[in-house]
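Student: A predicted structure for the sequence below; I have some questions about it.
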Amino acid sequence: MQRKLIAAVAICAAVFGASSPVAAQAPTAAELLNFIAVAPESNGSSYSRDFFRHWSDEDKDSCSTREEVLLLETLVPITPGRGCKITRGRWFSQFDGRTFTSAASLDIDHFVPLKEAWDSGASLWTASMREAFANDLGFEGSLIAVSAASNRSKSDRDPADWRPTNVSYRCTYAVTWVQIKYRWSLSADAAEVAALQSMLALCPPNENYLLPALAVGVTAVPTPTPTPTQSATPTPTESPSPTQSASPSPTPSPSTSPTASPTPTQSTELPLITPGAFCARSAEGTQGRSANGTIYTCKTSSTDTRLRWRR
């Protein structure tokens with residue numbers, strides 16, 4: 001399945017809590033890295049995979065996170081068996097460009113590996129936040145069904161040490177990596193940033209990418225690195241000529257105040273959501289809008305009792 005580059009998400013309340021409107025930021029690929037803090041990795045020796053409880057069943061529908069991803073990414077309709085067991089379908093593995101019909105041939109990859117997250121800031125999180133990260137269905141880039149071979153080749157390596165063999169996917173890979181690190185306020189080390197810059201250079205130069213909503217509970221929000229600007233050379237103050245007295249600068253009247261009026265925020269603005277993503281039980285019947293402005297409702301369907309954002 002071609003995964004969207006533009007990401008605007010609603011966070012499942014069962015995992016994160018209610019979602020809220022997010023100020024849309026749409027940087028180009030070259031600008032994306034400005035939203036990530038650059039720092040050396042740390043605490044790697046203390047990592048354990050057990051710190052990230054995963055493949056939970058947060059909505060209690062018998063489908064674990066693994067099955068939910070398989071259902072979301074299948075290219076053909078499938079009906080899970082008893083206990084939500086999924087064996088057959090059709091999936092496209094983006095990392096290596098291969099198509100599979102057997103679920104046993106697929107791994108569900110944590111796009112940003114668990115150890116990478118630990119080394120980049122997750123070691124400071126609570127256990128519940130680490131579980132939320134490991135089961136993040138609120139942003140479609142966080143988890144991805146790929147061939148078992150490509151996932152194990154990638155392992156816990158970051159872009160400095162591993163890239164998809166499917167070269168046409170590398171732009172998307174780098175964009176999604178940055179989006180997830182932004183969403184969870186994770187840092188990136190210098191070698192990782194250099195590798196990301198190389199892959200982001202493959203993206204269309206004028207295309208913009210929406211940043212996803214920050215996950216609830218993430219408090220250390222990185223501040224975008226400003227573009228360096230040259231310090232302005234002070235303009236020397238000219239002495240008034242002998243025949244002219246210096247006139248004081250007029251005080252702007254209230255009607256000519258240089259302060260621009262802020263753009264009014266509509267209290268009725270709908271939250272940004274990802275079509276098809278799961279939504280909160282408490283949000284059933286409420287509406288959200290996708291990145292292109294289409295309105296969706298949190299509801300079930302005649303064939304699916306799970307709450308998702310649907311037309």
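Tutor: On my side now, so go ahead.
Student: Could you pull out the helices in the chain for me?
Tutor: If DSSP state H is used as the criterion, the helices of the chain fall at 29-32, 65-73, 114-119, 127-134, 148-154, 170-183, 190-200.
Student: Next, format these as JSON lines and append mean neighbour count, mean pLDDT and distance to Gly81.
Tutor: Glycine gets a C-beta too; all of them are placed from N, C-alpha and C. Formatted as JSON lines, the helices of the chain follow (neighbours: other Cβ atoms under 10 Å; pLDDT from 0 to 100; distance: least, Cβ to Cβ, whole Å):
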{"stretch": "helix 29-32", "mean neighbour count": "19", "mean pLDDT": "95", "distance to Gly81": "41"}
{"stretch": "helix 65-73", "mean neighbour count": "21", "mean pLDDT": "95", "distance to Gly81": "10"}
{"stretch": "helix 114-119", "mean neighbour count": "23", "mean pLDDT": "98", "distance to Gly81": "28"}
{"stretch": "helix 127-134", "mean neighbour count": "19", "mean pLDDT": "96", "distance to Gly81": "25"}
{"stretch": "helix 148-154", "mean neighbour count": "17", "mean pLDDT": "97", "distance to Gly81": "21"}
{"stretch": "helix 170-183", "mean neighbour count": "24", "mean pLDDT": "98", "distance to Gly81": "31"}
{"stretch": "helix 190-200", "mean neighbour count": "18", "mean pLDDT": "98", "distance to Gly81": "39"}
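Student: just so I know, which of the ones you listed lies nearest Arg98?
Tutor: helix 148-154 (8.1 Å; Cβ to Cβ).
Student: which other residues reach that closest one?
Tutor: 93, 95-96, 105-107, 109, 113, 162, 164-165 (Cβ atoms under 8 Å, 6 or more residues apart in numbering).
Student: Inside strands: which ones of these?
Tutor: In this view, these that belong to strands under DSSP state E are 93, 106-107, 109.
Student: Pull out the buried residues from these.
Tutor: Taking 16 or more other Cβ atoms under 10 Å as the criterion, what is buried in those is 93, 106-107, 109.
Student: Surely Gly97 is in contact with Asn166?
Tutor: Yes - here Gly97 reaches Asn166: they are 4.1 Å apart, a contact under Cβ atoms under 8 Å.
Student: which one of those two has more residues nearby?
Tutor: Between Gly97 and Asn166, Asn166 has the larger neighbour count (other Cβ atoms under 10 Å), namely 18 against 15.
Student: Can you list the low-confidence ranges for this protein?
Tutor: Along the chain, the parts satisfying pLDDT under 70 run over 1-24, 219-268, 274-282, 290-292, 301-308.
Student: Going along the chain, name the strands of it.
Tutor: Going by DSSP E, the chain shows strands at 88-93, 98-102, 106-110, 143-147, 287-289, 295-299, 308-310.
Student: looking at those, which is buried most?
Tutor: Comparing the strands of the chain by mean neighbour count (mean count of other Cβ atoms under 10 Å), strand 143-147 comes out on top with a mean of 24.
Student: quick one: contacts of it?
Tutor: 3, 65, 69-70, 73, 91, 93-96, 98, 100, 105-111, 135-137.
Student: Mind listing the strands that strand pairs with, and their directions?
Tutor: According to DSSP bridges, strand 143-147 has the following sheet partners: strand 106-110 (antiparallel).
Student: Now do the partner strand and helix 127-134, the angle between them.
Tutor: 130 degrees (axes from the mean of the first three to the mean of the last three Cα atoms, to 10 degrees).
Student: quick one, strand 106-110 and helix 65-73 angle?
Tutor: 100 degrees.
Student: picking that back up, export the strands of the chain to JSON lines and append columns for distance to Trp177.
Tutor: Listed next are the strands of the chain as JSON lines, based on distance: least, Cβ to Cβ, whole Å:
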{"stretch": "strand 88-93", "distance to Trp177": "17"}
{"stretch": "strand 98-102", "distance to Trp177": "21"}
{"stretch": "strand 106-110", "distance to Trp177": "11"}
{"stretch": "strand 143-147", "distance to Trp177": "11"}
{"stretch": "strand 287-289", "distance to Trp177": "25"}
{"stretch": "strand 295-299", "distance to Trp177": "27"}
{"stretch": "strand 308-310", "distance to Trp177": "24"}
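Student: So which of the ones you listed is nearest Pro80?
Tutor: For the strands of the chain, proximity to Pro80 was assessed by Cβ to Cβ; strand 88-93 is nearest, at 9.8 Å.
Student: Let's see that closest one as PDB, backbone CA atoms only.
Tutor: Below are the C-alpha coordinates for strand 88-93, written out as PDB (Å, rounded to 0.1, in the frame of the first residue of the first chain):
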ATOM      1  CA  ARG A  88      -4.400 -14.500   3.800                       C
ATOM      2  CA  GLY A  89      -4.700 -11.200   2.100                       C
ATOM      3  CA  ARG A  90      -2.500  -9.100  -0.200                       C
ATOM      4  CA  TRP A  91       0.100  -6.700   1.100                       C
ATOM      5  CA  PHE A  92       2.900  -4.600  -0.500                       C
ATOM      6  CA  SER A  93       6.200  -4.400   1.400                       C
END
